[in-house]
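**Q** Need coordinates for the following:
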Amino acid sequence: MAIGEAFLSAFLQVLFDRLASNEFVGLLCGRKYDDLLDKLKITLLTVTTLLNDAEEKQFYNTAVKKWLHMTKDALYDAEDILDELASEALAFKMEAESHTNMNKVWNWNPISTPRSPSTRGIESKLMKIIERLELIAKYKNVLGLKDNVGERLFGFRLRSPTTSLVDESCVYGRSYDKEKIIQFLVQDEPATPKVGVVPIVGMGGIGKTTLAQLVYNDVIVERRFDLKVWIFVSSHFDPVRVTKTMLWSVHSEKVDIDDLNLLQVCLKEKLAGKRFLLVLDDVWNKRSHDWDLLWMPLEVGKSGSKIIVTTRNSDVASSMGTVPAYHLSGLSFEDCWLLFMSQASENRIIDVIFQAIGKDIVKRCDGLPLAVKRFGILLLSRTEEDEWKDILNRPIWDLPDDESNILQTLSLSYHHLPAHLKPCFAYCSIFPREFELDKDSLVLLWMAEGFLQQPKGNKKLEAVGGEYFHELVSRSFLQQSVHNRSRYIMHNLMQELAHFVSGEFCFRLEEKVEDGNEHKAFEKAGHSSYIRRQREVTTRFESFSRLERLRTFLPLDSTDGIGVSYLAKKVPHDLLPKLRRLRVLSFGACRITELPESLGNLKHLRYLDLSRTAIKGLPDSMTMLCNLQTLILSECRSLTELPVGMGNLTSLRHLHINGSRLEEMPPQMCRLKNLQTLSEFMVGRNRGWGIRDLKDMLQLKGSLHISGLQNVVNFVDAMEANLKGKQELENLVFQWSESFNRSLNDKMPQIHRNLEDLSTRGHSVSRFPSFKETMEASALEPRNSVDIARNERVEVVVLEMLQPHKNIKGITVKDYGGTRFPSWIASPLFSNIIFLKLLIAGSV
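**A** Prediction:
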C-alpha cells in the first residue's frame, strides 16, 4: 500500500474496492469512468499525503486549519459522488436479483434501465471534484505542507523533558495514590520477576508524572533502593539513549560511548547486586524488540528492583507491566479548588464574585490538575471580573499560547492517534458533555458513516469498530462512566479537543454561535445532533433545511428523562426531501406516525432509527434503500407490518423489531443473508416461506426470539430453518401461541413453570420420537394449511427439528404444547447451556 493510501478515508477505500469488483466492472463497461476514477484516486492520494502534516500544524496555524477544512469538505463531496455511483450500481444489481428470484432473466445491460448511472451526470461531477482537489493540492508550498508523513516531529515540540524534581507545596489530593504506588515498590513477592514493572496510566495532564515524582522523592523509597534513575522517554523509545542516560546516572560521569553493546556491558556491571528504581516517564510505545534490549542488563539487579512506567495508553501498560496498571483518576473538586486558589490568588483576597467564576472554571477542568493549574496561573495577572468571565467562556484552543499549554498537552494524544481513529474521535464531538456512550450503538454509527476500514479474512466490520472503540478507551480518549460501568464518557476537555479537530463539520443544535442565534448551523456541517425536548417547535429545525451536505441527523435523550417527544408531522416531511446525503437518520422516541415516501430517495442512508415512535407503517419506498445496514424499530407498538419488499434490503445487517405488533414477516426475508441481529422472527400463516426464511441467515448472533411456532405444520420447514448452522447465536426463545385448548398441568409434571431456571444436568428422557412418528406427526397437517386447533405431536417434532448449534447458552420455551423435551437438550454436545426456561401455556 502506498503511503498516502493509508490516509484515504476508510469509506473512500471501500468504495474504490467496490467499484473495482467484477460485478460493477460489468455495469460500467463502455463508460469513461475507469480513467476518471483512476485520475481521482491519484489526486486523492496527492492530497491525503499532506493530511498528517496538516493535522499537526492546525493547532498553531490558522491558515493550515482552513486548508484542512477545505480539503475535508472536498473529500466529503468525493465520497458522496463515489457513493452515488456505487449506490446506483448496487440498486441495479438488487433489482436484477429480484427479477431473477421471480424466474426472470438477469440482464446486465445497463443501457436498458432508467436506473443506469449513465443518466446521472456522474462524469461531470467527477471532473469537477478532480479540478477542485488539484487546486487544493497547489497550496502545498504556500502553506509549507510536507508529504513525508513518516516524520513526526511535532510531538517533540509539544512537551519539554521532565525531571525527578517536584514542588510538593503545589500538589493536592495525591496522598492515597502515592501510598498505593509505594506499596507496589516495597513489597517482595517471590513469584514475581526479579525486576517488577509498575505502570501508571491516565490521560494527559492527569498527574502521572507528578505522582511518579512524589514517589521517587519519598523517604521510604530513598531508603529502599540503592540506586534511582529518572528518564524522560517521550515518543521515540531509543534503547541507546535510555541505556546511556542510565549509565550516566549510575556512573555520575558523562558517557561518550554510543555502541549499545559496550553501554549495556558497563551498565550490567554497575547494576549487579544492587536494588534500583528506574522511572520511565511518558512512554508511548508498546513492548517491542527495543524494550527487550533494554531489559537485558536490568535483570542483574537485586531482587526487589522496580521500574515505574507512566503512559497514556493502557495497552502500553499491559504490554510492559508485571503487575496490574494503576489507573490514575482525576482530583476531587475540593482538591482542584485548593490547587486553583494556590495559583490564582497568592497573597491577594479573592471576593465572592471571582470565587463563583473560579469554581465554574474548576468544574470545567473536570478533575484535570494540569488544566486547573494553568487556568489559575492565567488568572493570577487578571484582576477584572470581565477578564475572568472571558477565560471561563473561551475554548481551550483560544487561550493565550504563551500562557497555557492545555491544548498542546491534549493534542499530543491526538498527534499519536492512528489516522483511522481520528475521524472516529472527532465524530464524538456531536455528543454533549457527560453524555454516556454505548459501545455497540456508537460502532454502528461509525460503520454507517464509513469510518471503519474493510476487514481482512472473516472478521466483521462490527469487530473492527469494537477494536477502534477499545483503542480510544485504551488511549484515554474515552473513560468508563462512574454511574454505569457499561457506558463511556468523554472528559470535558477531551470533548473540547474533539470539537476543535472536527471544526465546522460537526455541531450540536444547542450550541450558541458567535451571533447568539442558537438556531443557526454551520453551512458545511456533515454531522449534527440535538437534545430532544418534550414538545418540539417546528422552527427549531429550520436551520437543518439549509444543510444540504448533512450526513447525520441524531436526536439524543436528555439526562432528565423526558420520555417521548411530540414532533410535528411537518418536520420529517419538510426535511427529508432536502437532506438527500443523510447516512444516519433517527427519529427515535419522537411521536411521529408516518414518514414521507421521499425516504426512499436517501440513497446514502445506512442507519435508520425509528424506535419508540408511533409509526403505523413504513413507506414502500424504504425498500429502495440499498445501502441500509441498521434498522431499529424497537418498541414501535403501533407497527403491524413491514413493507412487502423488505427482501430488497440486502445490505441490512441489524434489524431490531422487538416490542412491535408485527404478526408475521414479509416475503423474501431469505434474501437478507447479511443479517447479524434479528431480535424477533414472527412465523406467519400466509406469506413467504415462513420459518424457512431463516435458512441462509448464517451470520445471526446474540439473541433470537422465534414466535408464532404454532404456524409451523411441517417438520421439514423447521429443519430447513437451519438453526444448527448459526454458530454465533447465544440465546434462543421458542414461542407458540398463548391459546391452547387443553390443560398441560397433569401431562408435564416434570417441567417447572413460571420461568424457573432449569438445569439440563442429570435430566433423563424415557423416549424421543422416532423418525416414523416424526413423519406421521408431520402428515397430520397439510403443508401451508394451518388449523386453529394445535397438535401436541406436531409441536414435539417441530421443537426437535429446531436444534440449535452447540454453542447456544440459553433457551427459553414459551407456551409449548408438547409433552417432552427434544432429545438434543440431553446431549453432551450442549454442555454450554447455562439456563433453560419454560413458561407453560395458561400458567401464571
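**Q** can you count the residues close to Asp351?
**A** 9 (other Cβ atoms under 10 Å). (Glycine included, C-beta is placed from N, CA and C.)
**Q** and if you look at Ile353?
**A** If you count neighbours by other Cβ under 10 Å, Ile353 ends up with 11.
**Q** Show me what the helix or strand containing it is packed against.
**A** In the assignment (DSSP states H and E), Ile353 maps to helix 352-365. Using 3 or more Cβ pairs under 8 Å, 6 or more residues apart in numbering; DSSP states H and E, the elements in contact with helix 352-365 are helix 333-344, helix 369-380, helix 385-393, helix 492-502.
**Q** Show me what the third one is in contact with.
**A** If I follow you right, that is helix 385-393. Ile353, Phe354, Ile357, Gly358, Asp360, Ile361, Arg364, Phe375, Leu378, Leu379, Arg382, Leu399 (Cβ atoms under 8 Å, 6 or more residues apart in numbering).
**Q** one step back: let me have the helices and strands packed on helix 352-365 in TSV, extended by distance to Gly818 and mean pLDDT.
**A** Formatted as TSV, these follow (distance: least, Cβ to Cβ, whole Å; pLDDT from 0 to 100):
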stretch	distance to Gly818	mean pLDDT
helix 333-344	62	96
helix 369-380	65	95
helix 385-393	69	94
helix 492-502	56	94
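**Q** out of those helices, nearest to Lys268?
**A** Lys268 lies closest to helix 369-380 among the helices and strands packed on helix 352-365, at 37.5 Å (Cβ to Cβ).
**Q** For the stretch 701-844 of the chain, which segments are assigned as strands?
**A** Using DSSP state E, counting those that start in this stretch, the strands of the stretch 701-844 of the chain run over 701-707, 728-735, 757-758, 810-814, 835-839.
**Q** So what's the gap between the fourth one and the chain middle?
**A** Right, the one you point to is strand 810-814. 31 Å (Cα atoms, centre = their mean, to the nearest Å).
**Q** Parallel or antiparallel, list what pairs with it.
**A** Counting by DSSP bridges, the strands paired with strand 810-814 are strand 728-735 (parallel), strand 835-839 (parallel).
**Q** and the angle for that strand with strand 701-707?
**A** Per axes from the mean of the first three to the mean of the last three Cα atoms, to 10 degrees, the angle that strand 810-814 makes with strand 701-707 is 10 degrees.
**Q** on that earlier part again, mean pLDDT for the strands of the stretch 701-844 of the chain: which is lowest?
**A** With a mean of 38, strand 757-758 has the lowest mean pLDDT of those.
**Q** hmm, back to that, please tell me which one of the contacts of helix 385-393 counts the most neighbours.
**A** The most crowded member of these, judged by other Cβ under 10 Å, is Phe375 (29 neighbours).
**Q** Contact partners for it?
**A** Applying Cβ under 8 Å, 6+ apart, the residues near Phe375 are Phe340, Gln343, Ala344, Ile361, Val362, Cys365, Ile391, Ser404.
**Q** Mind naming the longest helix for this protein?
**A** Longest helix in the chain, counting residues (DSSP state H): helix 62-101.
**Q** With mean neighbour count and distance to Glu56 as extra columns, can I get the strands of the stretch 701-844 of the chain in TSV?
**A** Converted to TSV, the strands of the stretch 701-844 of the chain look like this (neighbours: other Cβ atoms under 10 Å; distance: least, Cβ to Cβ, whole Å):
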stretch	mean neighbour count	distance to Glu56
strand 701-707	19	40
strand 728-735	18	41
strand 757-758	15	57
strand 810-814	20	50
strand 835-839	18	53
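**Q** Would you reformat these as CSV and include distance to Ser332?
**A** Converted to CSV, the strands of the stretch 701-844 of the chain look like this (distance: least, Cβ to Cβ, whole Å):
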stretch, distance to Ser332
strand 701-707, 40
strand 728-735, 41
strand 757-758, 43
strand 810-814, 42
strand 835-839, 42
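**Q** Identify whichever of these lies nearest to Glu84.
**A** Nearest to Glu84, of the strands of the stretch 701-844 of the chain and by Cβ to Cβ, is strand 701-707 at 31.7 Å.
**Q** and the closest one, which strands flank it?
**A** Strand pairing for strand 701-707, determined by DSSP bridges: strand 680-682 (parallel), strand 728-735 (parallel).
**Q** Lys194 is nearest to which of those strands?
**A** strand 728-735 (43.9 Å).
**Q** From the chain's centre, how far out is the closest one? Work that out for me.
**A** Mean-position distance between strand 728-735 and its chain equals 26 Å (Cα atoms, centre = their mean).
**Q** and the longest helix of the chain, which residues are buried?
**A** In terms of neighbour count (16 or more other Cβ atoms under 10 Å), helix 62-101 has its buried residues at 64-65, 67-69, 71-96, 98.
**Q** Tell me how far the helix or strand following it lies from the chain's centre.
**A** As assigned by DSSP H and E, the chain's next helix or strand after helix 62-101 is helix 122-137. Chain-centre distance of helix 122-137: 32 Å, with Cα atoms, centre = their mean.
**Q** Not counting helix 122-137 itself, show me its contacts.
**A** If you take Cβ under 8 Å, 6+ apart as the criterion, helix 122-137 is touched by 31-33, 36-37, 39-40, 43-44, 46-47, 50, 67, 70-71, 74, 77-78, 81, 84-85.
**Q** can we see that at 7 Å?
**A** 32, 36, 39-40, 43-44, 46-47, 70-71, 74, 77-78, 81, 84-85 (Cβ atoms under 7 Å, 6 or more residues apart in numbering).
**Q** Let me know the closest of the residues you listed to Leu608.
**A** Nearest to Leu608 among the contacts of helix 122-137, with distances taken as Cβ to Cβ, is Glu84, at 18.7 Å.
**Q** who are the neighbours in contact with Leu662?
**A** Applying Cβ under 7 Å, 6+ apart to Leu662 gives the contacts Leu639, Thr640, Glu641, Leu642, Met682.
**Q** Go again with 6 Å.
**A** Met682 (Cβ atoms under 6 Å, 6 or more residues apart in numbering).
**Q** quick check, it in a strand?
**A** No - applying DSSP: H, G, I helix; E, B strand; the rest coil, one finds Leu662 to be coil, outside a strand.
**Q** that older thread, among the strands paired with strand 701-707, which is nearest Val813?
**A** With Cβ to Cβ as the measure, strand 728-735 is the member of the strands paired with strand 701-707 nearest Val813 (5.0 Å).
**Q** Just the element for Ser319, please.
**A** Ser319 belongs to helix 314-320 when assigned by DSSP H and E.
**Q** what about that helix, distance to the chain center?
**A** For helix 314-320, the distance to the chain centre is 21 Å (Cα atoms, centre = their mean).
**Q** Now it - C-alpha only, CSV.
**A** Coordinates of each C-alpha in helix 314-320 appear next as CSV, following Å, rounded to 0.1, in the frame of the first residue of the first chain:
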residue,chain,number,x,y,z
SER,A,314,-3.4,1.2,28.9
ASP,A,315,-2.3,-1.2,26.1
VAL,A,316,1.3,0.0,26.6
ALA,A,317,0.9,-0.6,30.3
SER,A,318,-0.4,-4.1,29.8
SER,A,319,2.5,-5.0,27.4
MET,A,320,5.2,-3.8,29.9
